[in-house]
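K.L.:
have a look at this prediction, sequence included:
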Amino acid sequence: MAKQNGFFSTRLIAWYLKNKRDLPWRKTKEPYKIWLSEIILQQTRVLQGMPYYISFTSKYPTVHQLAAAKEEEVLKLWQGLGYYSRARNLHFTSKIVANELNGVFPQTYAELKKLKGVGDYTASAIASICFDKPTAVVDGNVYRVLSRVFNVALPINTGKGITYFKGLAQELIDHGQPGTYNQAVMEFGARYCVPQNPDCAHCIFNDKCEAFKKNKVSQLPVKLKTLKTKKRYFNYLVVVSEDGKTLLEQRKGKGIWQNLYQFPLVEASKDISEKQLIGTDGFKGFAETVSVKVITKHNDTPIVHKLSHQHLHTTFWIVETTALGEMGVPVSTVGTYPVPVLVSKFLDGFRLKIE
DNA sequence: AATTCGGGGAC
DNA sequence: GTCCCAGAATT
């Protein structure tokens, strides 16, 4: 027999049943809703994801309605949540399930993982919660709880660490109630064994926790640090035409905000003046298609929009032009397009000025 | 194995 | 400023 780790799941589940939050996705075992909730919650706090779960389940009660929607509509509902590939993959997979799988989700880890946007974590979560399969999840909470209770200092962002924690989690899972166990570890990590200043003195594991015994809780889990962020310089050309229209472009190809909309963009290598802007190739190309009358800088100092790996120093330029005709979209409809938060925040302030 | 992909909250 | 969040896909 291996290590005596039965205490772990036993205490954890007892704690969970007493302390768990009343969350909407805990009222169901429908694979569609569990899948939806797990995609929304990837790298996302419960409080941030909650309103999106409500609006998605309300607008698309089953996978069939989601599959019947247009991608742009899905992106619009996802707007503000970030990591937009999740929304694109969500929609793609909904069409697979609705049209090729007769609306029925796979029941095993291996089959679930074949779905786009469903990785190790999500496949384990759905298999355990919906179908009682003993597949252990490993998310940020699990890394933290296990690294502390068992004093494991392997970095969680290396292959060795990932493999080790996955194996440890799999050893610990309760085969009788795997879904409850998985949710219990995550809830415990999110609500009690928190990153900063956990209340170890009153913890259910304070007689077992190896990190607590050795006073190493604050040093775990170990995570190798990543590189610093890069700066980019965005100049958005906010066209306001004589016929009340503006120009929007959809971002294509690779990079951030794929398939979302934005104003025509001139990217530079530093903050630039109006004179410098007019001299860029990007602006010259733009000026070939529209007749520019007046340019006004909207924000005096660049707005710094922070993403995980880049800081976007952004200037919005109001560009008055002659009539755009069929080229433009009515300014009043801009709010119906999915746009990055950077653009949506600008619109919030800009509408007040022009109306 | 490393990098990329958002946005918000806690400190 | 830093770190983290119910991770996955790509290179």
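P.N.:
Nice, I can see it. Numbers count the residues shown, from 1 in each chain, chains lettered A, B, ... in the order given.
K.L.:
what about the residue lying closest to A:R191 once chain neighbours are set aside, distance to A:F188?
P.N.:
Sequence neighbours aside, A:N19 is the residue nearest to A:R191 in space, at 6.8 Å (criterion: CB to CB, 6 or more residues apart in numbering). Any C-beta I mention is one placed from the backbone N, CA and C, and that applies to glycine too. Distance of A:N19 to A:F188, computed by CB to CB, to the nearest Å: 8 Å.
K.L.:
between the two, which has more neighbouring residues?
P.N.:
A:F188 (26 against 13; other CB atoms under 10 Å).
K.L.:
helix or strand right after the helix or strand harbouring the more buried one?
P.N.:
Using DSSP states H and E, A:F188 sits in helix A:178-191. Downstream of helix A:178-191, the first helix or strand assigned by DSSP H and E is helix A:210-213.
K.L.:
for that next one, packing partners?
P.N.:
helix A:140-149 (3 or more CB pairs under 8 Å, 6 or more residues apart in numbering; DSSP states H and E).
K.L.:
quick one: the helix or strand following the helix it packs on to helix A:140-149, angle?
P.N.:
Going down the chain from helix A:140-149, the next helix or strand is helix A:159-172, by DSSP H and E. Relative orientation of helix A:159-172 and helix A:140-149, computed by axes from the mean of the first three to the mean of the last three CA atoms, to 10 degrees: 80 degrees.
K.L.:
where does the residue in the stretch 251-355 of chain A positioned nearest to DNA strand B land on pLDDT?
P.N.:
Closest to DNA strand B within the stretch 251-355 of chain A is A:I256: 2.6 Å, counting by CB to the nearest atom of the strand. A:I256 is assigned a pLDDT of 96 by the prediction.
K.L.:
that one and A:L307 touch, don't they?
P.N.:
Yes. Using CB atoms under 8 Å, A:I256 makes contact with A:L307 at a distance of 6.7 Å.
K.L.:
returning to what we had before: helix A:140-149 and the helix holding A:F188, what's the angle between them?
P.N.:
80 degrees.
K.L.:
is DNA strand C contacted by helix A:178-191?
P.N.:
Yes. Using CB under 7 Å from any atom of the strand, we find that helix A:178-191 touches DNA strand C at A:183, A:186-187, A:189-190.
K.L.:
which one among the residues you listed gets closest to A:P340?
P.N.:
Taking CB to CB as the measure, A:P340 lies nearest A:A190 of those, at 27.6 Å.
K.L.:
any idea how far the closest one is from DNA strand B?
P.N.:
11 Å (CB to the nearest atom of the strand, to the nearest Å).
K.L.:
I figured that residue hits A:D139, correct?
P.N.:
No. Between A:A190 and A:D139 there is no contact under CB under 8 Å: 9.4 Å.
K.L.:
settle it for me: which of the two has more neighbours?
P.N.:
A:D139 (22 against 17).
K.L.:
now for the more buried one: which residues touch it?
P.N.:
A:121, A:186 (CB atoms under 8 Å, 6 or more residues apart in numbering).
K.L.:
and A:I40, what does it touch?
P.N.:
A:49, A:52-53, A:56, A:81, A:86.
K.L.:
please name the residues that touch A:E320.
P.N.:
A:240-241, A:292-296.
K.L.:
which one of the residues you listed is nearest to A:I39?
P.N.:
Using CB to CB, the contacts of A:E320 come closest to A:I39 at A:V240, 37.7 Å.
K.L.:
now the closest one: how far from A:T280?
P.N.:
20 Å.
K.L.:
which one's more surrounded, these two?
P.N.:
A:V240 (20 against 15).
K.L.:
next one: that one from A:H309, what distance?
P.N.:
33 Å.
K.L.:
got it, and A:Q219?
P.N.:
For A:Q219, the distance to A:H309 (CB to CB) stands at 25 Å.
K.L.:
and the lowest-mean-pLDDT helix or strand in chain A, C-alpha only, in PDB?
P.N.:
Of all helical and strand segments in chain A, the minimum by mean pLDDT, DSSP states H and E falls on helix A:341-354, at a mean of 85. The C-alpha coordinates for helix A:341-354 follow below in PDB (Å, rounded to 0.1, in the frame of the first residue of the first chain):
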ATOM      1  CA  VAL A 341     -12.200  46.600 -23.900                       C
ATOM      2  CA  LEU A 342      -9.600  49.300 -25.000                       C
ATOM      3  CA  VAL A 343     -12.000  50.400 -27.700                       C
ATOM      4  CA  SER A 344     -15.200  49.900 -25.700                       C
ATOM      5  CA  LYS A 345     -13.900  52.200 -23.000                       C
ATOM      6  CA  PHE A 346     -13.100  54.800 -25.600                       C
ATOM      7  CA  LEU A 347     -16.600  54.600 -27.000                       C
ATOM      8  CA  ASP A 348     -18.100  55.000 -23.500                       C
ATOM      9  CA  GLY A 349     -16.400  58.300 -23.200                       C
ATOM     10  CA  PHE A 350     -16.700  59.400 -26.800                       C
ATOM     11  CA  ARG A 351     -20.400  58.900 -27.100                       C
ATOM     12  CA  LEU A 352     -21.000  61.300 -24.300                       C
ATOM     13  CA  LYS A 353     -19.200  64.000 -26.200                       C
ATOM     14  CA  ILE A 354     -20.900  63.700 -29.500                       C
END
